[in-house]
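Participant: Please work out how this folds:
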Amino acid sequence: MRTALILFVALSMLTGIVYPLAITAYAALLHGASAQGALIYSGGVAIGSELLGQEFHSAQYFWGRLSATAPRPYTAFDATTLTGSSGSNYGPLHPALSAAAAARIEALRTAERRVGADASRAIPLELVTASASGLDPHIGLSAARYQVERVAFSRGLDASRVESLVAAHTRDRQWGFLGEPVVHVLRLNLALDRESAPLHAR
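Facilitator: Sure, this is the predicted structure:
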């Protein structure tokens, strides 16, 4: 009994105190801001994360992928309010997945029609689907370029200026050969707000 009690206390301290503290210190030392959630601040307030996507609905902003983290992806997980970084885990035949895609297609078509854009254009697949995790904060260049006309018109900006912002916020392939060039949606939208204050919703 004494041996079992000693082992219990020793392992509890090792796995419950020593190991977590060591991993936390390692993360803070080598990974800095990423270990704290890679939060993005505006005016001293945390408004998002480099690592997690979030939803935008206004025509004046670029929209990201369908996110399983809406409406506030940078808060602690709460199953009741559906906040926090948790994926949906929907399979390809789940009816909610099809419903979400259909709703996003209609929302995109409606937003395009309101600015006089060609609503019959093919919508990039990533704008109507979530990533495997449901957390991706990036979109590809085709998804960003699809939205340039709408965003430019809604903000009263020249489309070429919006395109230059997209280019400035495009990250090349990882290590030059993995994946595709991507745009961080929140960073791009913050740059838009610096370029042109958002107008009232139309």
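Participant: secondary structure element for the most centrally placed residue in the chain?
Facilitator: In the chain, the residue lying closest to the centroid (C-alpha atoms, centre = their mean) is Gly53, at 1.2 Å. Take DSSP states H and E as the rule and Gly53 turns out to sit in neither a helix nor a strand.
Participant: State the distance from it to Arg173.
Facilitator: Distance of Gly53 to Arg173, given as C-beta to C-beta, to the nearest Å: 19 Å. Glycine gets a C-beta too; all of them are placed from N, C-alpha and C.
Participant: Hmm, the residue nearest to the centre of the chain is touching Glu126, no?
Facilitator: No - if you go by C-beta atoms under 8 Å, Gly53 and Glu126 don't touch, sitting 11.0 Å apart.
Participant: Need the overlap of contacts for the two.
Facilitator: Taking C-beta atoms under 8 Å, 6 or more residues apart in numbering as the criterion, Gly53 and Glu126 both touch Arg65.
Participant: The chain: helices as residue ranges?
Facilitator: Ranges of helices within the chain are 2-13, 19-31, 95-114, 141-155, 159-168, 185-195, based on DSSP state H.
Participant: Same list (those helices) but as a markdown table, adding mean pLDDT.
Facilitator: Output for these, formatted as a markdown table (pLDDT from 0 to 100):
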| stretch | mean pLDDT |
| --- | --- |
| helix 2-13 | 93 |
| helix 19-31 | 83 |
| helix 95-114 | 87 |
| helix 141-155 | 93 |
| helix 159-168 | 94 |
| helix 185-195 | 91 |
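Participant: quick one, which of the ones you listed is packed in tightest?
Facilitator: helix 141-155 (a mean of 21; mean count of other C-beta atoms under 10 Å).
Participant: Who are the packing partners of it?
Facilitator: Judged by 3 or more C-beta pairs under 8 Å, 6 or more residues apart in numbering; DSSP states H and E, helix 141-155 is in contact with helix 95-114, helix 159-168, strand 182-184, helix 185-195.
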